[in-house]
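> I need the structure of the sequence given here:
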Amino acid sequence: MTEYEIINVTFTQTLSEKAKEQGPQWGDGTYNRSFIVGKTADDDSYRIFDFGDMYSLF
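The predicted model follows:
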């Protein structure tokens, strides 16, 4: 990558009953997630890449 930035996002989610019925997943709560936003010399626009694991803050 020729340009990049690491972005940390904190968010809170509340699942619907339908979502909860669909099986194991991250539940209700506040979480943190990291992404790398960047591009290479061959890219005209930026791309978003997952970086690290999502984890609960509480």
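> who are the neighbours in contact with Leu57?
Thr10, Gly29, Thr30, Tyr31, Asn32 (CB atoms under 8 Å, 6 or more residues apart in numbering). Bear in mind the C-beta positions are built from the backbone N, C-alpha and C, glycine included.
> got it, and Phe51?
Contacts of Phe51 (CB under 8 Å, 6+ apart): Ile6, Ser34, Phe35, Ile36.
> Run through who's touching the helix or strand the last one falls within.
Assignment of secondary structure by DSSP states H and E places Ile36 within strand 29-39. For strand 29-39, the external contacting residues (CB under 8 Å, 6+ apart) are 1-13, 45-52, 54-58.
> As TSV, the contacts of Phe51 with pLDDT and distance to Ala19 would be great.
Formatted as TSV, the contacts of Phe51 follow (pLDDT from 0 to 100; distance: CB to CB, whole Å):
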residue	pLDDT	distance to Ala19
Ile6	95	29
Ser34	93	23
Phe35	94	23
Ile36	95	28
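> can those residues go into a markdown table with extra columns for neighbour count and distance to Gln25?
A markdown table is the format used below for the contacts of Phe51 (neighbours: other CB atoms under 10 Å; distance: CB to CB, whole Å):
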| residue | neighbour count | distance to Gln25 |
| --- | --- | --- |
| Ile6 | 11 | 25 |
| Ser34 | 15 | 19 |
| Phe35 | 16 | 20 |
| Ile36 | 16 | 24 |
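> I'm done for today, thanks for sticking with me.
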